[in-house]
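Asker: Here's a sequence, model it:
(chains A and B)
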Protein chains: 2
Amino acid sequence: MKNNTITAPKGFLAAGVACGIKKSGKADLGLLVCPTGAKAAAVFTTNKIVSAAVEISRKHIKSRSISAVVVNSGNANACTGQTGIKNAIRMCNETAKQIEIDPHNVLVASTGIIGEQLPINRITEGISKAAVKLSASASAGLDFAKAIMTTDTKPKQAVRQLEISGTKVAIAGVVKGAGMIAPNMATTLCFITTDAAINKPLLARALKTAIGNSLNKLTVDGHQSTNDTAIILACGLAGNRPITSQCPRYKKFTRALLDLCDDLTRQMALNAEGATRMFKVIAKGAATQADAARVSRAVADYPLFKCAVHGCDPNWGRIICAVGSAGVKLNPSKLSCKLGNITVFKNGKPTKFDRKKASKIMSGSKHTITVELGVGGCSDFCYGCDLSTKYVKINAEYHT
Amino acid sequence: MKNNTITAPKGFLAAGVACGIKKSGKADLGLLVCPTGAKAAAVFTTNKIVSAAVEISRKHIKSRSISAVVVNSGNANACTGQTGIKNAIRMCNETAKQIEIDPHNVLVASTGIIGEQLPINRITEGISKAAVKLSASASAGLDFAKAIMTTDTKPKQAVRQLEISGTKVAIAGVVKGAGMIAPNMATTLCFITTDAAINKPLLARALKTAIGNSLNKLTVDGHQSTNDTAIILACGLAGNRPITSQCPRYKKFTRALLDLCDDLTRQMALNAEGATRMFKVIAKGAATQADAARVSRAVADYPLFKCAVHGCDPNWGRIICAVGSAGVKLNPSKLSCKLGNITVFKNGKPTKFDRKKASKIMSGSKHTITVELGVGGCSDFCYGCDLSTKYVKINAEYHT
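Answerer: This is a model prediction of the structure:
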């Protein structure tokens, strides 16, 4: 079995178990361990309300080395006050005890329902159960991927292999998706492992660049959660000449990391709650990159356009409405729009186009919308997915 | 028959006819006439892309007196270039010809599908047909209300009677819904008539205040259309002492106007596409009013919360997530939230509350969510409605 999980890079062990947080009895506790210790970097939610796990991990990420990440699904441990903080610390402590390290070298992440206390005894039992199962096998990596899922219908993983100065290096990632996803950060939870040797500041820089152009470009429902966390661990066991400057090797590593994150982002979009397809909105000709980002996101977030995508309806009016509504500088007489390679609106006027062909483009699993604002040279993009009746059913019929 | 239409105030005639814009054969052209001429004020969309009708009406509203408003539904006359502008002018010209006034004293509004040229010959025929039917009767007012409908399932009208210094004054309004037309655009049109005597600057100020606290506080899909227009005509025939300063009479008039607009807004929320119920989000304790407005709108726009409202699920976690995500100043340890009169979250912590009772509150046709940010003395609100599978069906299954 080819290993396409987070245990693919050298030096990582993983496990996933069911400890009874989820009523369904499905896996809900994951453990990722790097016995040699790893350089680590992370990106967290910018929501003003953050989970206890985010509070603790923000502190622990400052440690010189990280040896383990413990994650639970089924409960977000958010809005849980001091008890929540204590429970997040207990998760780190129990993990540290099991693998005989310092608790400050453990990161913690939670995802699930907000406002309920963790069943902490079940979780600590789960951690000891997971510690026994730790393995570098592909199936252990898959167990971890399944343990972090919430309304995801399948695990989302990716691996990239690259050569750095003749040395083979691997990067692997796993992500959970579904709802409450918006730019900054669209991650919910993302864990990346690599055996590359790279120093901590450059690892942090590479992660920020990669996430900024992938997970942060996806919107599912326009809001970021209280728990969003992306973590990368680099153990250095590949034995490449360490990356210590922004040299070509750094750039190659960052490109591969971005490619991996983009892959995970697209998997998330396609597996978003109720989604049947995804799309990419590219805004060009903007006065500033911020304007381009705002316009592309306005289109990707617009419920009417998301419904049109669900119905494969080349309803460019909804795109133009969202563009005009975004509050950015544009030239109405130079405004143009393409669906795939079909120009549907040019220089402020509708074109005569083949609606059937446009509808067919939209019926694919992924299509691109390009909007030209006609006022400058800046561009940016955003990923989105369709809005289906299933999304509403999942989120209306689910009861807390 | 009690007149609760825009012909209720003295001095207004109305008509509504079917001229063949809508394939359904339903009424699609409305005419509102004030033979004595009226002081007029208007509020238009802030979308950067505006319909031809908005462009023309923005010019004509500068006239000292307005004698007629001509409105079509079924076609937005937006993104239609110079031909669209010519057609909007022709609508004014034909109306002016029929009632023997100057075209600059006519306002025009359109709502419906974007990007298609108006069937202008049918429309000019419709205008002459409507001119013959003009009447001050309640049924003529109702005909007008029906002629501006798109996906609205019922006409939305309201009347307020008040006394200004012992003189009876009437204000009446009609609105078309926040649901999408032949669903290319969310086009809101609102027409208000009054027989009050009031000068133009104060009429404009009163309208801005009233709309700012009613129609502008409703979000259905978070975007403004290219066509949004609210117009008020004041003919002065009530014979009250003219309102020429911000005196108590002005305040009384503005209060009644706001009350009328609030009524129309709530009718719109309940008649939004697929909506089964509405809600009001009040944000308190904000550092600035803009922050309060932003937070309340963030909650009202959040698809996950809109789904929870549809399912009558007291899922306050989604409210808190939206609040934290709005990017405004708040104190997490003082953050509180109420559903109706039930406190579900207090000083940063969940409360134990009766979920059945909370769910029952949410199952009503209207409920209020109150969020306390704990950092200041400013407050604001936003209206919203639930997100249903019907909304998705209406907007995904419709094909342009």
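Asker: Quick check: A:Ala206 touching A:Ala196?
Answerer: No. Using Cβ atoms under 8 Å, A:Ala206 is not in contact with A:Ala196, being 9.4 Å away. Placement of C-beta: from N, CA and C, glycine included.
Asker: Stretch A:158-177 - what's its average pLDDT?
Answerer: Mean pLDDT, taken over the full extent of stretch A:158-177, equals 95.
Asker: whoops, I mixed them up, stretch A:360-380
Answerer: Across stretch A:360-380, the average pLDDT comes to 96.
Asker: hang on, the earlier thing: shared neighbours of A:Ala206 and A:Ala196, anything?
Answerer: Overlap between the neighbourhoods of A:Ala206 and A:Ala196 consists of A:Phe253, taking contacts as Cβ atoms under 8 Å, 6 or more residues apart in numbering or on different chains.
Asker: more neighbours, these two?
Answerer: For A:Ala206 against A:Ala196, the residue with the higher neighbour count under other Cβ atoms under 10 Å in any protein chain shown is A:Ala196, and the figures read 30 against 27.
Asker: For the closest residue in space to that one that isn't next to it in sequence, name its beta-bridge partners.
Answerer: Excluding its sequence neighbours, the residue lying closest to A:Ala196 (Cβ to Cβ, 6 or more residues apart in numbering or on different chains) is A:Val169, at 4.7 Å. For A:Val169, the beta-bridge partners are A:Leu162 (DSSP bridges).
Asker: what's the offset of stretch A:273-289 from the middle of its chain?
Answerer: Computed by Cα atoms, centre = their mean, to the nearest Å, the chain-centroid distance of stretch A:273-289 equals 16 Å.
Asker: same check, this time on stretch A:138-148
Answerer: Per Cα atoms, centre = their mean, the displacement of stretch A:138-148 from the mean C-alpha position of its chain is 17 Å.
Asker: swap in stretch A:316-323?
Answerer: Averaging C-alpha coordinates over stretch A:316-323 and over its chain gives two centres that are 27 Å apart (Cα atoms, centre = their mean).
Asker: which stretches of the stretch 151-300 of chain A have low pLDDT?
Answerer: Applying pLDDT under 70 to the stretch 151-300 of chain A flags the ranges A:178-187, A:221-225.
Asker: can you do 90?
Answerer: A:151-153, A:165, A:177-188, A:215-228, A:268-275 (pLDDT under 90).
Asker: That one: strands as residue ranges?
Answerer: In the stretch 151-300 of chain A, the strands defined using DSSP state E, counting those that start in this stretch lie at A:156-164, A:167-176, A:189-194, A:229-234, A:278-286.
Asker: My read is that the residue nearest to A:Ala196 contacts A:Asp195, right?
Answerer: Yes. If you go by Cβ under 8 Å, A:Val169 and A:Asp195 touch, sitting 6.2 Å apart.
Asker: list residues touching both of these two?
Answerer: Residues within reach of A:Val169 and of A:Asp195 at once, by Cβ under 8 Å, 6+ apart, are A:Pro9, A:Ala238.
Asker: wait, what's in contact with the residue in the stretch 51-200 of chain A that chain B sits nearest to?
Answerer: With Cβ to the nearest Cβ, the shortest gap between the stretch 51-200 of chain A and chain B falls at A:Ile114, namely 3.0 Å. Residues in contact with A:Ile114, defined by Cβ under 8 Å, 6+ apart, are A:Ala76, A:Ala78, A:Cys79, A:Thr226, B:Gly317, B:Arg318, B:Ile320, B:Cys321.
Asker: Make TSV from these and add secondary structure, neighbour count and distance to B:Ser24 to it.
Answerer: Compiled in TSV, those are given as follows (DSSP: H, G, I helix; E, B strand; the rest coil; neighbours: other Cβ atoms under 10 Å in any protein chain shown; distance: Cβ to Cβ, whole Å):
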residue	secondary structure	neighbour count	distance to B:Ser24
A:Ala76	coil	29	48
A:Ala78	coil	29	49
A:Cys79	coil	26	50
A:Thr226	coil	27	47
B:Gly317	helix	28	43
B:Arg318	helix	26	38
B:Ile320	helix	28	45
B:Cys321	helix	30	42
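Asker: Let me know the closest of the residues you listed to A:Pro35.
Answerer: Set against A:Pro35, the nearest of the contacts of A:Ile114 by Cβ to Cβ is A:Ala76 (29.2 Å).
Asker: Touching, the closest one and A:Gly112? I think so.
Answerer: Yes. Counting by Cβ under 8 Å, A:Ala76 does reach A:Gly112; the two are 4.9 Å apart.
Asker: What count of nearby residues applies to the residue lying closest to A:Asp380 once chain neighbours are set aside?
Answerer: Across the structure, with Cβ to Cβ, 6+ apart as the measure, the residue nearest A:Asp380 apart from its sequence neighbours is A:Ala292 (3.7 Å). A count of neighbours around A:Ala292, defined by other Cβ under 10 Å, yields 26.
Asker: ok, A:Ala292 - contacts?
Answerer: Contact criterion Cβ under 8 Å, 6+ apart gives A:Ala283, A:Lys284, A:Ala286, A:Leu373, A:Cys378, A:Ser379, A:Asp380, A:Phe381 as the residues in contact with A:Ala292.
Asker: Neighbour-wise, which one of those residues leads?
Answerer: By neighbour count, taken as other Cβ under 10 Å, the most surrounded of the contacts of A:Ala292 turns out to be A:Ala283 (29 neighbours).
Asker: my read: that residue touches A:Val375, true?
Answerer: No. With contact taken as Cβ under 8 Å, A:Ala283 and A:Val375 are classed as non-touching, separated by 11.1 Å.
Asker: Now A:Leu387: which helix or strand?
Answerer: No secondary structure element spans A:Leu387, as it lies outside all helices and strands (assigned by DSSP states H and E).
Asker: The residue nearest to A:Asp380 and A:Ile192: what is the separation?
Answerer: With distances defined as Cβ to Cβ, to the nearest Å, the gap from A:Ala292 to A:Ile192 amounts to 27 Å.
Asker: How about A:Gly141?
Answerer: Noted for A:Gly141: a distance of 12 Å to A:Ile192, by Cβ to Cβ.
Asker: For these two, indicate the residue with more neighbours.
Answerer: Comparing A:Gly141 with A:Ile192 by neighbour count (other Cβ under 10 Å), the higher total belongs to A:Gly141, at 30 against 27.
Asker: Against B:Asn341, how distant is the more buried one?
Answerer: Plainly put, A:Gly141 is 50 Å away from B:Asn341 if you go by Cβ to Cβ.
Asker: Could you do A:Thr36 as well?
Answerer: Between A:Thr36 and B:Asn341 the distance is 57 Å, computed by Cβ to Cβ.
Asker: Please point out which parts of the lengthiest helix in chain A sit buried.
Answerer: When chain A is scanned for its longest helix (criterion: DSSP state H), the result is helix A:248-270. Judged by neighbour count using 16 or more other Cβ atoms under 10 Å in any protein chain shown, the buried positions of helix A:248-270 are A:249-250, A:252-254, A:256-270.
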